[in-house]
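Q: sequence below, structure please.
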Amino acid sequence: MPNKKSAAKRMKTSEKNRLYNRFWTTRCKNAVKKVLEAVENKDTALAEKRLAIAQSVIDKAVVKGVMHGNTGSRRKSMITNRVKTLYTQSA
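A: Predicted coordinates for the structure are as follows:
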């Protein structure tokens, strides 16, 4: 337990931030998993649709400061490359 009033306030703030960050990280992970699931099922149309959603969610997490910019770029690049493999396999 905190001994000072400011420490108590800080605990409240950090708990709110933790829940907010957890919400966005979970949302990002789920979006990425949905893209990879569509790629695994070789459904190009669904993969493209989910890729757009996942990129949007990742960008929002970066803007909100939940995720570092380079991490967001790396994840978007990874899922984009996975979706691209669908087109090279079908050709």
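Q: could you use CA atoms for every contact and neighbour count after this?
A: Will do.
Q: so what's the gap between stretch 12-23 and the chain middle?
A: Taking Cα atoms, centre = their mean, to the nearest Å, the mean C-alpha location of stretch 12-23 is offset from the chain mean by 16 Å.
Q: over to the residue sitting nearest the centre point of the chain: give its phi and psi.
A: Among the residues of the chain, the smallest C-alpha distance to the mean C-alpha position (Cα atoms, centre = their mean) belongs to residue 28, namely 2.1 Å. Per-residue torsions, residue 28: phi -70, psi -50 (degrees, to the nearest 10).
Q: spit out the contact partners of it.
A: By Cα atoms under 8 Å, 6 or more residues apart in numbering, the contact set of residue 28 is 54, 57-58, 61.
Q: in helices only, show me the residues you listed.
A: With DSSP state H as the criterion, helices contain 54, 57-58, 61 from among the contacts of residue 28.
Q: for residue 46, give me its contacts.
A: Listed by Cα under 8 Å, 6+ apart, the contact partners of residue 46 are residue 38.
Q: that one: helix or strand, and which one exactly?
A: Under the criterion DSSP states H and E, the helix or strand holding residue 46 is helix 44-63.
Q: export that helix as PDB, just CAs?
A: Extracted as PDB, the C-alpha positions of helix 44-63 are listed here (Å, rounded to 0.1, in the frame of the first residue of the first chain):
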ATOM      1  CA  THR A  44      -7.400 -14.700 -50.300                       C
ATOM      2  CA  ALA A  45     -10.500 -12.400 -50.200                       C
ATOM      3  CA  LEU A  46     -10.900 -12.900 -46.400                       C
ATOM      4  CA  ALA A  47      -7.200 -12.500 -45.800                       C
ATOM      5  CA  GLU A  48      -7.200  -9.200 -47.700                       C
ATOM      6  CA  LYS A  49     -10.200  -7.900 -45.700                       C
ATOM      7  CA  ARG A  50      -8.700  -8.900 -42.400                       C
ATOM      8  CA  LEU A  51      -5.300  -7.500 -43.400                       C
ATOM      9  CA  ALA A  52      -6.800  -4.100 -43.800                       C
ATOM     10  CA  ILE A  53      -8.600  -4.300 -40.400                       C
ATOM     11  CA  ALA A  54      -5.400  -5.600 -38.700                       C
ATOM     12  CA  GLN A  55      -3.300  -2.800 -40.200                       C
ATOM     13  CA  SER A  56      -5.800  -0.200 -39.000                       C
ATOM     14  CA  VAL A  57      -5.800  -1.600 -35.500                       C
ATOM     15  CA  ILE A  58      -2.000  -1.800 -35.300                       C
ATOM     16  CA  ASP A  59      -1.800   1.800 -36.500                       C
ATOM     17  CA  LYS A  60      -4.200   3.000 -33.900                       C
ATOM     18  CA  ALA A  61      -2.300   1.200 -31.100                       C
ATOM     19  CA  VAL A  62       0.900   2.900 -32.300                       C
ATOM     20  CA  VAL A  63      -0.800   6.400 -32.300                       C
END
